[in-house]
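Enquirer: I need the structure of the sequence given here:
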Amino acid sequence: MIHPTDNQTHRLRAVRNGRAAPVTCASCGCRLEGVEDGTWLHFGRLGGRDARGCRIDCAELPHDVYGGPVAVLTV
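Expert: Here you go, the predicted model:
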């Protein structure tokens, strides 16, 4: 048996159809990665683009655990 080398094997994942799955964006389906404050961000986000290079509106917005973009209030 090969043990995973990832030290974050306890990451929160979504459960779909009774199986653990990565948290993905509800709008575009891209994979999200968790950050310290409990929000989720697009994996590989850079300049409004996702990891594949596609331009998406929610690339730099925080998301909730269900993959929905969270509105950011600016004051």
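Enquirer: ok, residues contacting stretch 24-37?
Expert: 11-12, 14, 22-23, 40-43, 50-52, 54, 56-58, 62-63, 66-69 (C-beta atoms under 8 Å, 6 or more residues apart in numbering). C-beta coordinates here come from the backbone N, C-alpha and C atoms, glycine included.
Enquirer: can you tell me which of the residues you listed are in helices?
Expert: Taking DSSP state H, every one of the contacts of stretch 24-37 sits outside helices.
Enquirer: residue ranges with poor pLDDT in this structure?
Expert: For the chain, applying pLDDT under 70 flags the ranges 1-17, 72-75.
Enquirer: let's see 50
Expert: By pLDDT under 50, the weakly predicted segments of the chain are 8-9.
Enquirer: partner residues bridging the residue nearest the centre of the chain?
Expert: Compute the mean C-alpha point of the chain, and by C-alpha atoms, centre = their mean the closest residue is residue 32, 1.3 Å away. Taking DSSP bridges as the rule, residue 32 bridges to residue 42.
Enquirer: Which helix or strand contains residue 29?
Expert: Secondary structure assigned from DSSP states H and E places residue 29 in neither a helix nor a strand.
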